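Novice: Sequence plus predicted model, see below.
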Amino acid sequence: MEQIKEVPIGDVKPYENNPRDNDGAVEATANSIKEFGWQQPIVVDKDMVIIAGHTRYKAAKKLGMNEVPVVVADNLSPEQVKAYRLADNKTGELADWIFSDMNAELSEITTIDMSALGFDETDMSIAESWDDDGSLDDYVEPKKETDDTFVCPECGHEGPKKEFKK
């Protein structure tokens, strides 16, 4: 079994061909680390190149941390490293929220700012719209902007972007 060890953050190297743009998740991940501590280490290869945990690495840098927890996965072949790097990210995309259960969980969290952890108003309104029996109340999915249309965040009016010049 691999051991978790603390290493200087400067020893950890991001993978130069990381296939994920994770910059949008860094702030929420940093807030998560501040709130809960390190509950999941960064996984690196034998050369200390990140396999899984680029967002945690960036969050640690943002927080000014000098050391980070890592697991060295030196038992993986180069092909397995590439496959695991992709699988680690893809598997999270395959899961769906059970909104009635999410609502129940969120309703019991009263002292932690969930918006700081990436939950936005849309997440909260979707969750609040689900009844305890798992049925959807009156929730209406907000309209999404497309390349040629704009949806006003105040009134919900949708029209060509040219109508909404700044």
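Specialist: It's in. Numbers count the residues shown, from 1 in each chain.

Novice: Leaving out chain neighbours, which residue sits closest to the residue most central in space within the chain?
Specialist: Residue closest to the average C-alpha location in the chain (C-alpha atoms, centre = their mean): residue 25, at 4.9 Å. Distances taken as C-beta to C-beta, 6 or more residues apart in numbering put residue 55 closest to residue 25, at 5.0 Å, once the chain neighbours are dropped. C-beta here means a position set from N, CA and C on the backbone, and glycine is covered the same way.

Novice: And whichever strand or helix holds the one you found, what's buried?
Specialist: Element membership for residue 55, per DSSP states H and E: helix 54-62. Across helix 54-62, burial judged by 16 or more other C-beta atoms under 10 Å covers 54-61.

Novice: for the residues you listed, which one is nearest residue 100?
Specialist: Closest to residue 100 out of the buried residues of helix 54-62 is residue 55 (28.3 Å), distances taken as C-beta to C-beta.

Novice: before we move on, back to that, for the record, mean pLDDT for the helix holding residue 55?
Specialist: For helix 54-62, mean pLDDT rounds to 97.

Novice: could you say what helices and strands it packs with?
Specialist: helix 26-36, strand 67-72 (3 or more C-beta pairs under 8 Å, 6 or more residues apart in numbering; DSSP states H and E).

Novice: mind running it again at 6 Å?
Specialist: helix 26-36 (3 or more C-beta pairs under 6 Å, 6 or more residues apart in numbering; DSSP states H and E).

Novice: Can you get me a residue count around residue 41?
Specialist: Neighbourhood size, residue 41 [other C-beta atoms under 10 Å]: 20.

Novice: follow-up on the earlier one: make TSV out of the buried residues of helix 54-62 and add distance to residue 33.
Specialist: As requested, the buried residues of helix 54-62 are exported to TSV (distance: C-beta to C-beta, whole Å):
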residue	distance to residue 33
54	14
55	10
56	7
57	11
58	11
59	6
60	7
61	11
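
Novice: just the residues you listed now: which is nearest residue 8?
Specialist: residue 60 (11.1 Å).

Novice: Check what pLDDT the spatially closest residue to the closest one that is not a sequence neighbour gets.
Specialist: Once flanking residues are discounted, residue 60 sits nearest to residue 68: 4.9 Å by C-beta to C-beta, 6+ apart. pLDDT for residue 68: 98.

Novice: is it true that residue 68 touches residue 61?
Specialist: No: Residue 68 is beyond contact range of residue 61, at 9.1 Å (criterion: C-beta atoms under 6 Å).

Novice: between the helix holding residue 55 and strand 67-72, how many degrees?
Specialist: 160 degrees (axes from the mean of the first three to the mean of the last three C-alpha atoms, to 10 degrees).
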